[in-house]
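> here is my input; please provide its structure:
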Amino acid sequence: MSTFGSQNITEEGMALLSGALSGSIITFTRMVLSDDTGNSLSTGIDRLVKNADGVQVEATARSADNTSGFWVKTISLY
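The predicted structure is shown next:
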């Protein structure tokens with residue numbers, strides 16, 4: 001399982017999390033993978049599972065433009 005060293009949350013994200021803490025439901029529908037050098041890939045989320053360790057996100061990320069792949073350094077959930 002991945003371990004994340006730092007998390008950045010936008011003001012809009014803080015408002016969303018605040019609502020979730022007070023009982024609202026958050027529905028993530030897509031994510032963006034980025035290597036922090038300009039390469040990114042947006043994809044839908046196939047499955048999202050909450051378990052004792054946190055949240056497991058499953059998605060199929062394919063791009064015709066990027067056939068060689070790239071390192072993922074940032075995962076953004078929307």
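> now the helices for the chain?
The residue ranges that make up the helices of the chain, judged by DSSP state H, are 11-21.
> and the pLDDT at R62?
Per-residue pLDDT puts R62 at 69.
> ugh, wrong one, S22
90.
> ok, it to D46 distance?
Computed as CB to CB, to the nearest Å, the S22 to D46 distance reads 29 Å. Backbone N, C-alpha and C define where each C-beta goes, glycine included.
> neighbour count for those two, which is higher?
Neighbours per residue, other CB atoms under 10 Å: of S22 and D46, the larger number sits with D46, 10 against 7.
> OK, contacts around the more buried one?
Shown here is D46, whose contacts under the criterion CB atoms under 8 Å, 6 or more residues apart in numbering are E58, A59, T60.
> and S34, how many neighbours?
For S34, the neighbour count with other CB under 10 Å is 17.
> go ahead and confirm it touches S40.
Yes. Using CB atoms under 8 Å as the test, S34 is close enough to S40 to be in contact (4.2 Å).
> K73 against V32, yeah?
No. Taking CB under 8 Å as the contact criterion, K73 and V32 are not neighbours in contact, 11.8 Å apart.
> what about these two, which has more around it?
For K73 versus V32, the count of surrounding residues by other CB under 10 Å is larger for V32: 14 against 11.
> so who does that one touch?
Applying CB under 8 Å, 6+ apart, one finds that V32 lies in contact with S40, L41, S42, T43, T74, I75, S76, Y78.
> same question, A59
The neighbourhood of A59, defined by CB under 8 Å, 6+ apart, consists of M31, T43, G44, I45, D46.
> below-threshold pLDDT in this structure: ranges please.
Residues of the chain that meet the criterion pLDDT under 70 lie in 1-6, 62-69.
> show me where it has its strands.
In order along the chain, the chain carries the following strands (DSSP state E): 30-34, 40-44, 47-51, 54-58, 74-77.
> the first one to strand 40-44, inter-axis angle?
Pointing back at strand 30-34 there. Here the directions of strand 30-34 and strand 40-44 differ by 160 degrees (axes from the mean of the first three to the mean of the last three CA atoms, to 10 degrees).
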